[in-house]
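J.: Sequence first, then the predicted structure, then my questions.
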Amino acid sequence: MEYRTLGRTDLNVSRLCLGSMTWGTQNTIEEGHEQIDYAVDHGVNFIDTAEMYPVNPISKETQGASEVVIGDWFEKTGRRNDMVLATKVSGNGFKNVRDGIPISGATMREALESSLKRLKTETIDLYQLHWPNRGSYHFRQYWTFDATKQKVEDTPGHILDVLETAAQFIKEGKIRHLGLSNESCWGTGQFLKIADANNLPRVATIQNEYNLLYRTYDLDLAELSHHEDVDLICYSPVAAGILSGKYIGDKTPAGSRRSHVANLGGRYQGDVDVVTAKYVDIAKRHDLDPTQMALAFCLTRPFMGSVIFGAVSMEQLKNSIGAADVTLSDEVLAEIQTVYRAHTVTV
């Protein structure tokens, strides 16, 4: 396992990050603990969660259960200091948490105190805003995204409130660093500008979607990452399982994510099977596992801080962690680029 220091922080994290969003619905507490045990034993020291998890399906009754699984593991093993812990505060529109009110300093305080209790820890290493108050093009919202409809008059004040609150959390020892999620280049730039102008904590990372089928980060955000030292922590590196090839032909394996969410959050549409089949073909011709190839590709990107992977079964977990030992040849990378140029899709 390789490690990388995130942005300008002192957080040295494994290049693969264990995701937790199935723990509490698709996975039991015991299964979550088994996953953490195996991941830690194989070099993973970074775990990501959120106050709204688990998902598939999302419900008010299970909200926060994924954090509980992690907290119970910390308590049982006493290994909190062996892990870099990231979680997120929810906000605008997600009705299961605080009725969907926007993120503010006050809601951050309420959310953080609750997360700390569930996680049975005194400190969150990376505290992330799950999505921006003004709206976002992520989660397939780019189909109707229109920045001219945003009302951003309150954005500077909101960002200042968030950064001042984060500074207080850091002073109290309750968080170490602040990160964003589902953000844009403009939004991230605003956080950086206001932080610099007021001597407040810089955002260290952005957690956005990135995979062979969704590469919007390659453009403006990659430029920002390079020049401002803000690393990407990517989610959905296998496109909700699509890039494994298991859904090709409109298949829905029992117990899969698609058995809970038919269109995989809007990802399974259009020519996705055609493009996926070409990536799977590259993997098979080069004796690579398609899932491992998808993960290994993400690890090649210069802006990548860490790649979040999730699993329902231990077989999936072991296979994904195996991607840490996969090096893609120049030939494989060239073939991937050929498919990408012919099928530059965003699903």
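T.: Arrived safely, thanks for sending.
J.: So which other helices or strands are in contact with the helix or strand containing Leu333?
T.: Here Leu333 sits within helix 330-342, counting by DSSP states H and E. Helices and strands touching helix 330-342, by 3 or more Cβ pairs under 8 Å, 6 or more residues apart in numbering; DSSP states H and E, are helix 272-285, helix 290-299. In this view, the C-beta of every residue, glycine as well, is placed from N, C-alpha and C.
J.: Looking at these, which one is packed in the most?
T.: Greatest average neighbour count among the helices and strands packed on helix 330-342 goes to helix 290-299 (a mean of 24), per mean count of other Cβ atoms under 10 Å.
J.: ok now it, how far from the chain's centre?
T.: Chain-centre distance of helix 290-299: 15 Å, with Cα atoms, centre = their mean, to the nearest Å.
J.: hang on, the earlier thing: what residues of the helix holding Leu333 count as buried?
T.: Residues of helix 330-342 classed as buried: 332, 335-336, 339-340 (neighbour count, 16 or more other Cβ atoms under 10 Å).
J.: Same question for stretch 239-259.
T.: Quick answer for stretch 239-259 (16+ other Cβ under 10 Å): 239-247, 256-258.
J.: next one: stretch 178-198
T.: 178-185, 187-188, 190-192, 194-195.
J.: Let me know the closest of those residues to Arg79.
T.: Gly179 (22.8 Å; Cβ to Cβ).
J.: backbone phi and psi for the nearest residue to Asn27 once chain neighbours are set aside, please?
T.: Closest residue to Asn27 apart from its sequence neighbours, by Cβ to Cβ, 6 or more residues apart in numbering: Val312 at 6.3 Å. Dihedral pair for Val312: phi -100, psi -40, per degrees, to the nearest 10.
J.: quick one, what contacts Val312?
T.: Contact partners of Val312, counting by Cβ atoms under 8 Å, 6 or more residues apart in numbering, are 22, 26-27, 255-257.
J.: Quick check: it vs Gly64, distance?
T.: For Val312, the distance to Gly64 equals 20 Å [Cβ to Cβ, to the nearest Å].
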